[in-house]
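S.K.: I'll drop the sequence and a predicted model, then ask my questions.
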Amino acid sequence: MKRILMAGLMLLPAAAHAETLYVSNERGNSVSVIDAASGTVTATWPVGGRPRGITLSKDGQYLYLCASLDHAVQVIERATGKVVAELPSGQDPEQFFLSRDGKTLFVANEDDAALTAIDLATRTVAFQVDVGGEPEGVAQSLDSQWVVVTSEEDNVVNWIDLKTKTMVAETPVDLRPRHVEFTGDGKQLWVAAEVGGTVQIIDTATRQVSETLHFAIPGIPEHRILPCGIRFTPDGKTAVIALGRADHVALVDVATRKVRSYVPVGKRVWHIAIGADGAHAYAANGLSDNVSVIDLAKAAVTGTIAVGAAPWGIVAAP
């Protein structure tokens, strides 16, 4: 397989990962658009203040973006890069989760200490539920019964019953939980506790922590290991975990809970996207203003792409 080294960026053939990456640049107030096959930025779109969470609509026509300082979720048309609508999301939206049917956005509002559900058909607030202080990570269970929200201030995961639209339980976790992700079978919820330096696994049947994962990287002080984003490969076998100021990503075997590899990436890695074929992961590095391209089979970075100021969120789209 022929590879070309150009300006410090190793480019892979288009067949390897032909998709588009969208990166929210928190201090750049922009979204970088990357052609993953060539490793080049093809556009930079201006957006609202302090953009963070970013995701793709089910039909692929739009991006949804948390513009935290504007207290809105912006709707961006992929074809043009234009903001075509702003949704009433509540105060300081941080992250969100697009419902499994694609009809609702569940938004964590840090200043409101609430979860806001936005009806995408009417672009109005469907309901709002009070949760713990400083909510951030959001996910919906596979059976669509629950939405879970992390509370960084209270160190809990809040469980919201979507039938009654009420919070019915809290699961205590380690310090400052930032992100939550359900496994592909729905039986586990993985929680990244940033200050705790751990990823905890919750049994969804009992809503209790069943296991705690610790990380140790040679030469990296423990206090710099700050887990944040978690993504699972499409086959469900590997968890790709951003470790913050440790400047590494951990590749964890889901079945054994063992770290297979630590991959050095850029500075202050925040969040992760995984390509549709499961061969590559992409890491948004907030303090080096770039994205690392990771070959998951080799557990190695094969490319580095410069983006805007303080990349935070990242999503891969066909």
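M.R.: Structure received. Predicted model only: the values in this text are computed from it and were never measured. Numbers count the residues shown, from 1 in each chain.
S.K.: alpha carbons only for contacts and neighbour counts from here, please
M.R.: Fine.
S.K.: where are the low-confidence patches of the protein?
M.R.: Low-confidence segments of the chain (pLDDT under 70): 1-17.
S.K.: how many other residues sit next to residue 268?
M.R.: 27 (other Cα atoms under 10 Å).
S.K.: what sits against it?
M.R.: Listed by Cα atoms under 8 Å, 6 or more residues apart in numbering, the contact set of residue 268 reads 243, 244, 245, 246, 247, 285, 286, 287, 288.
S.K.: one more time with 10 Å, if that's ok
M.R.: 224-226, 228, 242-248, 283-289, 310-312 (Cα atoms under 10 Å, 6 or more residues apart in numbering).
S.K.: Next, work out how far apart it and residue 26 are.
M.R.: Applying Cα to Cα, to the nearest Å, one obtains 13 Å for the distance of residue 268 from residue 26.
S.K.: Spit out the residues that contact those two alike.
M.R.: 286, 310, 311, 312.
S.K.: neighbours of the second one, just the number please.
M.R.: By the other Cα under 10 Å criterion, the neighbourhood of residue 310 contains 28 residues.
S.K.: May I have the phi/psi pair for it?
M.R.: phi 60, psi 60 (degrees, to the nearest 10).
S.K.: ok, the residue nearest to it when sequence neighbours are not counted - contacts?
M.R.: With sequence-adjacent residues excluded and distances taken as Cα to Cα, 6 or more residues apart in numbering, residue 310 is closest to residue 286, at 4.2 Å. Contacts here follow Cα under 10 Å, 6+ apart; on that basis residue 286 touches 25-27, 244-245, 247, 266-271, 307-313.
S.K.: In strands, which of these fall?
M.R.: Among the contacts of residue 286, the members found in strands (DSSP state E) are 25, 269, 270, 271, 311, 312, 313.
S.K.: out of the residues you listed, which is most surrounded?
M.R.: residue 269 (35 neighbours).
S.K.: Pull out the buried positions in stretch 117-132.
M.R.: Going by neighbour count (16 or more other Cα atoms under 10 Å), the buried part of stretch 117-132 is 117, 118, 119, 120, 125, 128, 130, 131, 132.
S.K.: With stretch 127-147 instead?
M.R.: Applying 16+ other Cα under 10 Å to stretch 127-147 flags 128, 130-142, 146-147 as buried.
S.K.: Which of these sits closest to residue 111?
M.R.: residue 134 (6.9 Å; Cα to Cα).
S.K.: Spatially nearest residue to that closest one, not counting backbone neighbours?
M.R.: residue 110 is the one closest to residue 134 (Cα to Cα, 6+ apart), at 4.6 Å.
S.K.: which ones are touching the one you found?
M.R.: 68, 90-95, 131-136, 151-152 are the contacts of residue 110 under Cα under 10 Å, 6+ apart.
S.K.: let's see it at 7 Å
M.R.: 91, 92, 93, 94, 134, 135, 136 (Cα atoms under 7 Å, 6 or more residues apart in numbering).
S.K.: Let me have the shared contacts of residue 268 and residue 26 in TSV, extended by distance to residue 210.
M.R.: Supplementary listing: those in TSV, determined by distance: Cα to Cα, whole Å:
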residue	distance to residue 210
286	31
310	34
311	33
312	29
